[in-house]
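> Sequence first, predicted model second:
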Amino acid sequence: MEEAFLRIDTHTHSCGVSKCSKVTPEQIIVEKRKLGYDGVILTNHCQAWYYPPEQHGAYIEAVIAEYKKGKAYADTLGFAFWLGLEVTLNVPAYADYLLFGVTEGFLRRTPCLYQLTQKELYALCKENGVTLIQAHPLRHEGVGDTDYLDGIEINCTPADFEKREEIVRIANNTGLVVTCGTDYHFPERDIRAGMLVPKTVKNSVDFGKYLLEMPQTNVFIYDEVIKIPAGRNAKKLEK
């Protein structure tokens with residue numbers, strides 16, 4: 001079964017944009033290939049303490065340039081390198097959200113994303129075919145309003161990773177999809193976890209659609225594969 005899938009880390013950060021990261025896009029690619037991954041999604045930060053609202057356009061150009069730098073190198077190695085974003089909101093509560101299915105055009109058209117409410121961000125995503133996932137939802141204020149959310153993440157940083165069973169329980173109760181990523185910032189973080197994604201998924205847009213259309217997601221944690229139903233999506237497919 002696994003031969004038909006790509007091993008993808010859906011949550012990574014590079015130092016050219018995310019100040020908390022210590023790795024370049026090229027280093028991410030090198031290290032992840034060593035760990036047996038087939039690709040990553042670059043989800044650099046978009047948050048208020050990085051830049052003022054009037055600099056949003058310039059900041060987005062830096063996000064795109066960093067992605068293009070990584071993709072150019074990844075392409076020489078046959079490694080999947082997809083564009084994403086992590087947006088930090090403060091309204092109605094502090095929380096981080098992963099955006100899957102973004103394009104360069106979408107990012108360039110957006111208002112200053114961190115100034116939006118969760119409801120506004122979700123509406124913008126739905127208008128543009130972008131999937132909204134709450135990152136490490138039990139780290140701060142808990143899960144946001146599930147009416148304005150597509151899914152939640154099993155985050156593989158040590159403290160968050162301990163909460164994975166609770167994440168699955170919440171998803172089962174709410175019908176949200178579950179994603180998994182390592183929140184990669186440092187080369188010494190060598191956990192092997194992420195998602196098994198069909199090889200028919202070729203880019204971030206495909207990945208965002210895949211999350212909403214599939215009745216389950218396949219998460220891998222080292223050599224264990226966990227099949228997690230997406231209740232809301234499964235019910236849509238049954239109709």
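Received, thanks.
> So which elements touch the strand of greatest length in the chain?
Identified as the longest strand of the chain according to DSSP state E is strand 80-89. For strand 80-89, the packing partners by 3 or more Cβ pairs under 8 Å, 6 or more residues apart in numbering; DSSP states H and E come out as strand 5-12, strand 39-42, strand 45-46, helix 56-77, strand 95-100, helix 118-127, helix 204-213. Where C-beta positions appear, they are placed from N, C-alpha and C, glycine not excepted.
> OK, contacts around Pro187?
By Cβ atoms under 8 Å, 6 or more residues apart in numbering, the residues touching Pro187 are Lys22, Val23, Gln27, Glu31.
> Could I have the buried ones of the residues you listed as ChimeraX selection syntax?
Of these, the buried ones can be selected in ChimeraX as follows, counting by 16 or more other Cβ atoms under 10 Å:
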select :23,27,31
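> so where's this structure shaky on pLDDT?
In the predicted model, the chain carries pLDDT under 70 at residues 1-3, 231-239.
> Point me to the helix or strand that includes Phe159.
I think there's a mix-up here, since residue 159 is Ala and not Phe. According to DSSP states H and E, Ala159 maps onto helix 158-161.
> Keeping just the C-alphas, turn the helix or strand that that helix is followed by into CSV.
Beyond helix 158-161 on the C-terminal side, the first helix or strand identified by DSSP H and E is helix 164-174. In CSV, the C-alpha atoms belonging to helix 164-174 read as follows (Å, rounded to 0.1, in the frame of the first residue of the first chain):
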residue,chain,number,x,y,z
ARG,A,164,-2.4,13.0,19.9
GLU,A,165,-5.0,10.6,21.2
GLU,A,166,-7.1,13.6,22.5
ILE,A,167,-6.7,15.2,19.0
VAL,A,168,-8.1,12.1,17.4
ARG,A,169,-11.0,12.0,19.9
ILE,A,170,-11.9,15.6,19.2
ALA,A,171,-11.8,15.1,15.5
ASN,A,172,-14.0,12.0,15.8
ASN,A,173,-16.6,14.0,17.8
THR,A,174,-16.6,17.0,15.6
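> Give me the helices and strands touching helix 164-174, please.
With contacts taken as 3+ Cβ pairs under 8 Å, 6+ apart, helix 164-174 sits against strand 151-155, strand 177-181, strand 224-229, helix 231-238.
> and Asp183, how many neighbours?
A count of neighbours around Asp183, defined by other Cβ atoms under 10 Å, yields 24.
> surely it meets Ala159?
No. At 10.8 Å, Asp183 does not count as touching Ala159 under the criterion of Cβ atoms under 8 Å.
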